[in-house]
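1. Can you look at this prediction? I've put the sequence above it.
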Amino acid sequence: MEITEVKVFPVNEERLKAYATITFDNCFIIRDLKVIQGNNGLFIAMPSKKRKDGTYRDTAHPLNNETRNMIQKTILEKYEETAKDAPQASSSYEAQDEMDSNSDAYEQS
């Protein structure tokens, strides 16, 4: 399994630094990963959904540490590259997500 594309959308919030989208093998996409500033540095939070009891549950996540580390390393490298190129980036994640959704329409032959 290979990560074939990473998109990072910086945001201007205290702990949330960016949203990310990753594509595996040019055929499977995961959106809404988060780059978070934690007490011990940056880390990646998987997409999650709020449950009826108020807790959150990951909607997609790696099943082993090797895959988690690969995802985290790749996204953080892209985040650092993006932050370096545009330190005051104010990219609209919602607008980009809408454009991505429109471009992801299934192609039917």
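-> Ah, there it is.
2. Which residues does whatever helix or strand Phe43 lives in contact?
-> Assigned by DSSP states H and E, Phe43 falls within strand 41-45. If you take Cβ atoms under 8 Å, 6 or more residues apart in numbering as the criterion, strand 41-45 is touched by Lys17, Ala20, Leu33, Lys34, Val35, Ile36, Ile71, Gln72, Ile75, Leu76, Tyr79. C-beta: built from backbone N, CA, C; applies to glycine.
3. just stretch 70-88 next, same as before
-> The contact list for stretch 70-88, computed with Cβ under 8 Å, 6+ apart, reads 3, 6-8, 10, 17-18, 20, 22, 33, 35, 42-44, 62, 89.
4. Let's see that with 10 Å instead.
-> Contacts to stretch 70-88, defined as Cβ atoms under 10 Å, 6 or more residues apart in numbering, come from residues 1-3, 5-10, 12, 17-18, 20-22, 24, 30, 33-35, 41-44, 46, 61-62, 64-65, 89, 91.
5. Those in strands, which ones?
-> 3, 5-10, 17-18, 20-22, 24, 30, 33-35, 41-44 (DSSP state E).
6. Make a PyMOL selection of the buried ones in the contacts of stretch 70-88.
-> Provided next is the PyMOL selection string for whichever of the contacts of stretch 70-88 are buried by 16 or more other Cβ atoms under 10 Å:
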select buried, resi 3+6+7+8+9+10+17+18+20+21+22+30+33+34+35+44+46+91
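7. Now do the longest helix anywhere in the chain: distance to the chain's middle.
-> Longest helix in the chain, counting residues (DSSP state H): helix 65-85. Relative to the chain's own centre, helix 65-85 is displaced by 9 Å; criterion: Cα atoms, centre = their mean, to the nearest Å.
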